[in-house]
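Enquirer: Only the shape, not the letters, is given here:
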DNA sequence: TTCTTTTTGTACCATTTTGCACAAAATCCT
DNA sequence: AGGATTTTGTGCAAAATGGTACAAAAAGAA
């Protein structure tokens, strides 16, 4: 049996793509939050009937956690690329927040919904601790990324000698968090841009220079 | 008829106190968010039957907005007192965040739920723009309060001459917002305290001094 | 006392929601 | 070909949900 194992699983093949279904369901959760999203909503978005949905993804709570995991996995490489982008600190910071804005925006609509974890999942952290854990992990990862960025920037001379990368990382992470809240609440894009710009100016007090960093 | 008006309204008197009912329903919404809170939950918390609830507060959405308004009205004087408290900037900042922690904590339980508007209402900003407006108004009011505080602190010598109160106000407001998110997500109290402490240190870079301010 | 008004209590409704049963369809294995 | 396995489709049950009808209760006004 071990050596007779076929590449193809037995049984009827799936008619849907798991990733595509998760992405579609994420959109619904992102707009409505967990509790206001019904199984009918999910089935319609995923293009599946009830038993297929349950069979593939589990019950509603498990679908939600699956969607959160897929979201985190999807945004991670985008943020990593933004943190690692070439340029001086100010340029990289702008790129990071541009990445955030891209992730959070709604197609064909002004404004955005903020981060899925903050705008749509935070309310449910009291219902399921796994949700809270996912949020905290993401916040901590963002803070770590900023810490890495600021330590490098300090070594490159993009930050003053007295700057403390740990504290600045907490600040930048807070700005990133507050951005999602303000966006979800409906603050206009120009206002959000001005907000981010002011916070970047605060974090990067040195004048922009052509960075010789490696 | 005008001069015959009695102080007492006609009809059967109400058997409940409106404020008490709103407070009790706020607790449920604060824990569960809007969509996961049922009419049964609300009736039980308020001690009312369905028609009484509808008669006094309107439908579910109107109850929610009423609860948000009552919350904002209740926390406003507490924050105002904290902003106006005597002491140097660092002391006042500590008092403000202590006030926030007091408002957001859960009785007989470690941790808290964060601000009602952020922890429980933010998800629903996409469903009802009134919710988003309430959140943005509250965020703006907090920022205004910090601006007032920092302008005063600068005049008092509690902030360096080059400090920009407008930018610092945005920063402090962001910290306040992020605090709610982190608390709701389940971050331990000691960790939150360290976070707030670090942010206060960043905002108040001058050594603590006995403030001669009026 | 009767009438009017407001509130409460009981009961109910129509719809929605979550999850499941089971047969048919579509595959691989023997 | 038949059996086993997995997926899909149809249908359903029980519970939950938001909201309403209406009569009784509790008051003020005439």
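Expert: Received, thanks. Source: prediction; values computed, not measured. Numbering: from 1, shown residues only, chains lettered A, B, ... in the order given.
Enquirer: Which part of chain A gets nearest to DNA strand D, residue-wise?
Expert: DNA strand D sits closest to residue A:11 of chain A, with a gap of 1.9 Å, by C-beta to the nearest atom of the strand. Using the backbone N, CA and C atoms, a C-beta is placed for each residue, glycine as well.
Enquirer: Confirm that residue sits in a strand?
Expert: No: looking at residue A:11 with DSSP: H, G, I helix; E, B strand; the rest coil, it is coil, so not inside a strand.
Enquirer: Now for it, how many residues are close by?
Expert: Counted with other C-beta atoms under 10 Å in any protein chain shown, residues neighbouring residue A:11 total 6.
Enquirer: Got the phi and psi for it?
Expert: Backbone torsions of residue A:11, given as degrees, to the nearest 10, read phi 90, psi 170.
Enquirer: Which pLDDT value belongs to residue A:154?
Expert: Reading off the confidence values, residue A:154 has pLDDT 93.
Enquirer: before we move on, what about residue A:160?
Expert: pLDDT at residue A:160 comes out at 90.
Enquirer: Run a quick neighbour tally on it.
Expert: By other C-beta under 10 Å, 10 other residues sit near residue A:160.
Enquirer: The one 5 residues further on now?
Expert: The criterion is other C-beta under 10 Å. On that basis, residue A:165 has 19 neighbouring residues.
Enquirer: List the residues that contact the residue most central in space within chain A.
Expert: Centroid-nearest residue in chain A, with C-alpha atoms, centre = their mean: residue A:75, separated by 4.9 Å. Residues in contact with residue A:75, defined by C-beta atoms under 8 Å, 6 or more residues apart in numbering or on different chains, are residue A:103.
Enquirer: Longest helix in chain A, by number of residues?
Expert: Longest helix in chain A, counting residues (DSSP state H): helix A:129-156.
Enquirer: Packing partners of that one?
Expert: Under the contact criterion of 3 or more C-beta pairs under 8 Å, 6 or more residues apart in numbering or on different chains; DSSP states H and E, helix A:129-156 touches helix A:60-84, helix A:89-104, helix A:165-185, helix B:165-185.
Enquirer: The second one to helix A:129-156, inter-axis angle?
Expert: Using axes from the mean of the first three to the mean of the last three C-alpha atoms, to 10 degrees, the direction of helix A:89-104 lies 160 degrees away from that of helix A:129-156.
Enquirer: Show the pLDDT at the residue of chain A closest to DNA strand D.
Expert: Note on residue A:11: pLDDT of 89.
Enquirer: same check, this time on residue A:54
Expert: Per-residue confidence (pLDDT) for residue A:54: 94.
Enquirer: which SSE is it in?
Expert: Element membership for residue A:54 (DSSP states H and E) is helix A:50-57.
Enquirer: And that helix, what does it pack against?
Expert: Using 3+ C-beta pairs under 8 Å, 6+ apart, the elements in contact with helix A:50-57 are helix A:18-32, helix A:39-46, helix A:60-84.
Enquirer: closest one to residue B:35 among these?
Expert: helix A:18-32 (7.8 Å; C-beta to C-beta).
Enquirer: Give the buried residues for the closest one.
Expert: A:21-26, A:28-32 (16 or more other C-beta atoms under 10 Å in any protein chain shown).
Enquirer: centre of the chain versus it, how much separation?
Expert: In terms of C-alpha atoms, centre = their mean, to the nearest Å, the centre of helix A:18-32 is found 14 Å from the chain centre.
Enquirer: Could I get the average pLDDT for it?
Expert: Taken as a whole, helix A:18-32 carries a mean pLDDT of 95.
Enquirer: Could you check that helix against DNA strand D for contacts?
Expert: No: using C-beta under 7 Å from any atom of the strand, helix A:18-32 never reaches DNA strand D; the gap is at least 9.6 Å.
Enquirer: re the thing from before, which of the buried residues of helix A:18-32 lies closest to residue A:194?
Expert: Using C-beta to C-beta, residue A:30 comes nearest to residue A:194 of these, at 25.1 Å.
Enquirer: roughly how far apart are that closest one and DNA strand C?
Expert: For residue A:30, the distance to DNA strand C equals 16 Å [C-beta to the nearest atom of the strand, to the nearest Å].
Enquirer: list the contacts for that residue?
Expert: Contacts of residue A:30 by C-beta under 8 Å, 6+ apart are A:113, A:116, A:119-120.
Enquirer: Dump the residues you listed to a markdown table, plus pLDDT and distance to DNA strand C.
Expert: Below are those laid out as a markdown table (pLDDT from 0 to 100; distance: C-beta to the nearest atom of the strand, whole Å):
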| residue | pLDDT | distance to DNA strand C |
| --- | --- | --- |
| A:113 | 91 | 20 |
| A:116 | 97 | 18 |
| A:119 | 96 | 19 |
| A:120 | 96 | 15 |
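Enquirer: mind putting those residues in JSON lines, secondary structure, neighbour count and distance to residue A:105 included?
Expert: Formatted as JSON lines, those follow (DSSP: H, G, I helix; E, B strand; the rest coil; neighbours: other C-beta atoms under 10 Å in any protein chain shown; distance: C-beta to C-beta, whole Å):
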{"residue": "A:113", "secondary structure": "coil", "neighbour count": "22", "distance to residue A:105": "8"}
{"residue": "A:116", "secondary structure": "helix", "neighbour count": "26", "distance to residue A:105": "12"}
{"residue": "A:119", "secondary structure": "helix", "neighbour count": "25", "distance to residue A:105": "12"}
{"residue": "A:120", "secondary structure": "helix", "neighbour count": "29", "distance to residue A:105": "15"}
